[in-house]
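Undergrad: here is a sequence with its predicted model. Questions after.
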Amino acid sequence: MNIDPDFFEYVFTYECLKKPSFYKMVREHMSLDYFDVGNTKTVLRIMDHFYEENRKVPSLSEIKLSLGSDNQKNAFKGFLKVIKDIDSVDHGLIVRQTEKLFQEQAVSNALLDVSKKYQKGEISNSEIVTKFKNACGISLIDDIGHHYFQNIDDHIKFLKTEQERISTGYDFFDKKLGGGVLKNGRALYMILGATNSGKSVWLANFAIQAVQLRARGCGRESGQFEDYP
């Protein structure tokens, strides 16, 4: 998907104004050097100064009150002229594109900075690695797992429905697990124990039990285990 980078700067800045939580999330990663459009850069600079003083994202009226020079006023007018035509843009798309923009600009800045310092012998190899690692590691995804709650009614229905289970082959475990492990696999079971305590034997017996019941499943055993009290 090709995106107009100049227009996206307007979309991004407008999203910062509409959603303070988004601005707070991106602010720690953002540098004005990442932006090329003068109008958006002016608005973002005013927003940053306002946030520093008031710890809140300014409204459009508060930005207008903060305009000092004619250049700022003209930039703000240009900004308003563009955003009035912005309708609905998917927030997830904005987050992903912002992350991409920040990473690309951060890597570009790191490359220029490293080139200058390296020629003068002012930077070590470890510092170079750290700079590029930080640039490439910018991440704005902060809602991993939150989609679970988008279909909460379905999850509640599932939890209330009696689920078919597979016997482990051990009455003791079956009793503890409410009849065995879930057949549909929507659960995580961890078999922990010291070396040579029987984990592999247990998993092998369960695998045989599952095959006999013609159930699909898989078990994975790690080669390293810790002692648990």
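TA: Looks like it arrived, so ask away.
Undergrad: now residue 155: how far from residue 161?
TA: Using CB to CB, to the nearest Å, residue 155 is found at 11 Å from residue 161. Where you see a C-beta, it was placed from the backbone N, CA and C, and this is true even at glycine.
Undergrad: kindly report the same for residue 105.
TA: Taken as CB to CB, the span from residue 105 to residue 161 is 49 Å.
Undergrad: quick one: the residue nearest the centre of the chain from residue 92, how far?
TA: The C-alpha lying nearest the average C-alpha coordinate of the chain belongs to residue 141 (CA atoms, centre = their mean; 1.5 Å). Spatial separation of residue 141 from residue 92 under the definition CB to CB is 10 Å.
Undergrad: on that earlier part again, who has more neighbours out of residue 155 and residue 161?
TA: Shown here are residue 155 and residue 161; by other CB atoms under 10 Å, residue 155 has more neighbours (12 against 7).
Undergrad: so residue 31 sits right up against residue 105, yeah?
TA: Yes. Here residue 31 reaches residue 105: they are 7.4 Å apart, a contact under CB atoms under 8 Å.
Undergrad: these two - which one has more neighbours?
TA: Here residue 31 and residue 105 are set side by side on neighbour count (other CB under 10 Å), and the busier one is residue 105, at 18 against 11.
Undergrad: identify the residues contacting that one.
TA: Taking CB atoms under 8 Å, 6 or more residues apart in numbering as the criterion, residue 105 is in contact with 31, 33, 34.
Undergrad: go again with 6 Å.
TA: residue 34 (CB atoms under 6 Å, 6 or more residues apart in numbering).
Undergrad: how would you label it: helix, strand or coil?
TA: Following DSSP: H, G, I helix; E, B strand; the rest coil, residue 105 is assigned to helix.
Undergrad: what about it, distance to residue 125?
TA: Counting by CB to CB, the gap from residue 105 to residue 125 is 23 Å.
Undergrad: the helices in the chain, which residues?
TA: Remark: helices of the chain, listed N- to C-terminal, are 5-18, 20-27, 38-54, 60-65, 70-83, 91-119, 125-136, 152-160, 171-176, 199-212; assignment by DSSP state H.
Undergrad: list the buried ones in the fourth one?
TA: What that stands for is helix 60-65. By 16 or more other CB atoms under 10 Å, the buried positions in helix 60-65 come out as residue 63.
Undergrad: that one - what's its average pLDDT?
TA: Averaging the model's pLDDT scores along helix 60-65 yields 95.
Undergrad: residue 97: what's it in contact with?
TA: By CB under 6 Å, 6+ apart, the residues touching residue 97 are residue 3.
Undergrad: quick one: low-confidence parts of this structure?
TA: Low-confidence segments of the chain, defined by pLDDT under 70: 142-150, 185-186, 213-229.
Undergrad: domain assignment for it?
TA: Listed domain ranges for the chain are 5-136, 147-229 (source: automatic domain parsing).
Undergrad: what's the most buried one of those domains?
TA: Between the domains of the chain, domain 5-136 has the highest mean count of neighbours, a mean of 15, where neighbours are mean count of other CB atoms under 10 Å.
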